[in-house]
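Visitor: sequence unavailable; structure follows:
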């Protein structure tokens, strides 16, 4: 099964949610008028696209329909798909690993699949022939260190780890130096997943970033936030909160296959102005892949 087919089947619940809502509107309202737009707006909000993003989509849709003198419902539907596709492709969704050792800092609350995502990303790059190293800088949970260790073994990567409760920045310091010494292509760093204490988190991330800047000044840098798609609009709020504490460059969206709330990809892209860089559409090690906006929009609407 190719990744597009996996994506399509992984998005089946979301597709049903969005397509069903949208198709229902088009089957009831034959005329392209205010009532059609109002019902479409309601359908998109119900499909977890979020109020603000939906308002933008409907406003743009009205404008395009007026400008192009569209009177056919099917053409309105095509126009809707194009607007959503445009939102998703506005930002660069590629991961910058051009200057090695490239550093990918992974942040997010506990329980969203952070450590698992790191393992799967490591495996993804390993399969491309890259030399990958993991840094276990979530030192607050012994389980996080053990879990990352298992993933390192599974994907045959080096791992740098310290004792539980040691200073995360010192783990990163050692990892940066080991990455340089061993000719590593990509260094992926796990971090503590707590948001209830924003001040601590900010201070810790600032310290970690300082170490990376000092030890690996010419490296490519990504700070990716892991969000659980099943939490719907709550994930959008998390993106907002983390955006206030960290300089996020992109999103890793997990568990898309288990939810009808995949519409949040659109609201994250629009409202938080953040590109989705990886998506998870299954349990398997190769079910986390780099995000492709055109494929996603196609899979979302394909009958």
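Guide: Great, that's in hand. This is a predicted model, so every value here is computed, not measured.
Visitor: for the chain, longest strand please?
Guide: strand 221-228 (DSSP state E).
Visitor: got the contact list for the helix or strand just after it?
Guide: Sequence-wise, the next helix or strand downstream of strand 221-228 (DSSP states H and E) is helix 233-245. Helix 233-245 has contacts (Cβ atoms under 8 Å, 6 or more residues apart in numbering) with 48, 50, 107-109, 195, 198, 201-202, 205, 225, 227-229, 231, 248, 251, 253, 264, 267-268, 271-272, 274. Quick note: C-beta positions are derived from backbone N, CA and C, even for glycine.
Visitor: swap in 6 Å and give it another go.
Guide: For helix 233-245, contacts defined as Cβ atoms under 6 Å, 6 or more residues apart in numbering pick out 198, 201-202, 225, 227, 264, 267-268, 272.
Visitor: doesn't residue 169 belong to a helix?
Guide: Yes - according to DSSP: H, G, I helix; E, B strand; the rest coil, residue 169 belongs to a helix.
Visitor: how about the nearest residue to it, chain neighbours excluded?
Guide: residue 207 (4.4 Å; Cβ to Cβ, 6 or more residues apart in numbering).
Visitor: how deep is that neighbour tucked in, by neighbour count?
Guide: 14 (other Cβ atoms under 10 Å).
Visitor: how about the secondary structure of it?
Guide: Applying three-state DSSP: residue 207 is helix.
Visitor: if I look at it, how far off is residue 261?
Guide: For residue 207, the distance to residue 261 equals 35 Å [Cβ to Cβ, to the nearest Å].
Visitor: now the helices for the stretch 101-250 of the chain?
Guide: Under the criterion DSSP state H, counting those that start in this stretch, the stretch 101-250 of the chain contains helices at 114-126, 142-154, 168-181, 198-215, 233-245.
Visitor: can you give me the angle the fourth one makes with strand 221-228?
Guide: In this case it means helix 198-215. 150 degrees (axes from the mean of the first three to the mean of the last three Cα atoms, to 10 degrees).
Visitor: quick check: bridge partners of residue 106?
Guide: residue 190, residue 224 (DSSP bridges).
Visitor: got a winner among the contacts of helix 233-245 for most neighbours?
Guide: Most neighbours among the contacts of helix 233-245, by other Cβ under 10 Å: residue 264, with 30 neighbours.
Visitor: correct me, but it touches residue 48?
Guide: Yes - taking contacts as Cβ atoms under 6 Å, residue 264 lies within contact range of residue 48: 5.4 Å.
Visitor: need the phi and psi values for the closest residue to residue 275 other than its chain neighbours.
Guide: Once flanking residues are discounted, residue 275 sits nearest to residue 91: 3.7 Å by Cβ to Cβ, 6+ apart. In terms of degrees, to the nearest 10, the main-chain angles of residue 91 are phi -100, psi 160.
Visitor: residue 91 - how many residues pack around it?
Guide: Counted with other Cβ under 10 Å, residues neighbouring residue 91 total 16.
Visitor: ditto for residue 194
Guide: Counted with other Cβ under 10 Å, the neighbours of residue 194 add up to 16.
Visitor: please report how far it lies from residue 242.
Guide: Distance, residue 194 to residue 242, using Cβ to Cβ: 11 Å.
Visitor: mind listing what the closest residue to residue 160 other than its chain neighbours touches?
Guide: Excluding the flanking residues, the one nearest residue 160 by Cβ to Cβ, 6+ apart is residue 175, at 4.0 Å. The contact partners of residue 175, taken as Cβ under 6 Å, 6+ apart, are 135, 160, 187.
Visitor: burial measure for the spatially closest residue to the last one that is not a sequence neighbour, as a count.
Guide: This means residue 187. Here the nearest residue to residue 187 in space, its sequence neighbours aside, is residue 179; by Cβ to Cβ, 6+ apart that works out to 4.5 Å. Number of residues near residue 179 (other Cβ under 10 Å) recorded here: 26.
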